[in-house]
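**Q** Next comes the sequence, and after it the predicted model I'd like to discuss.
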Amino acid sequence: MRNFMLTLLTTAVLLGSGCSVLGVYRIDIPQGSPLTQAQVSQLKLGMTPQQVRYLLGSPTIIDTLNPKRWDYIYHYVPGSYAQRAGLKPVSNQHMILMFDQNDTLMEIKGQQTIPAEQPGLPGSKDATLTAKPL
């Protein structure tokens, strides 16, 4: 009886702590539009929505009640391998673009929340595109 109780207790402990002992694989969770300062610095007042979309990509949110406001939001939760590589979570990146009645960019808010580089994304290709010919 004593061996049975010991075996039952050991089995319960192993089953109850199985996930925490071995670890669970977690995937990266990027949500929104990852932007960098290199992209944001190219924004100019007076640009059309088509030019902005070409430069930054589609906005995360276009308000249905105010289609002249575009929100670019980015949130990143690193997964198992990214955490081991030292990547940190990203939040509070929120840039708002406002267009006027003539469909030109009239206001940019939140540029300071956009970092120079985004974790988990490759570096800028500007150096490749502006390289001198051999």
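**A** Sure, I can see it. Numbering: from 1, shown residues only.
**Q** Which of the three states applies to the residue lying closest to P78 once chain neighbours are set aside?
**A** Among residues not flanking P78 along the chain, L87 sits closest, at 4.4 Å (Cβ to Cβ, 6 or more residues apart in numbering). For glycine as for every other residue, the C-beta is placed from the backbone atoms N, C-alpha and C. The three-state label for L87, taken from DSSP: H, G, I helix; E, B strand; the rest coil, comes out as coil.
**Q** Tell me the confidence at L87?
**A** For L87, the pLDDT comes out at 85.
**Q** how many other residues sit next to it?
**A** Burial of L87 is recorded as 17 neighbouring residues (other Cβ atoms under 10 Å).
**Q** Compute the number of surrounding residues for P59.
**A** Using other Cβ under 10 Å as the criterion, P59 is surrounded by 20 other residues.
**Q** which element is L55 on?
**A** With the criterion set as DSSP states H and E, the secondary-structure element containing L55 is helix 49-56.
**Q** ok, P34 touching E117?
**A** No. In terms of Cβ atoms under 8 Å, P34 does not count as a neighbour of E117; the distance is 9.8 Å.
**Q** who's more crowded, these two?
**A** Neighbour tally, P34 and E117, criterion other Cβ under 10 Å: the higher count belongs to P34, 21 against 13.
**Q** Give me the pLDDT value at that one.
**A** The predicted local distance difference test score for P34 is 89.
**Q** for it, helix, strand, or coil?
**A** In three-state terms, and counting by three-state DSSP, P34 is coil.
**Q** Excluding sequence neighbours, find me the nearest residue to it.
**A** Of all residues not flanking P34 in the chain, Q118 sits nearest, at 4.5 Å (Cβ to Cβ, 6+ apart).
**Q** I'd say the one you found and Y74 touch.
**A** Yes. In this structure, Q118 sits in contact with Y74. The criterion is Cβ under 8 Å, and the distance is 7.3 Å.
**Q** Find residues that contact each of those two.
**A** Counting by Cβ atoms under 8 Å, 6 or more residues apart in numbering, the contacts common to Q118 and Y74 are 34-35, 90.
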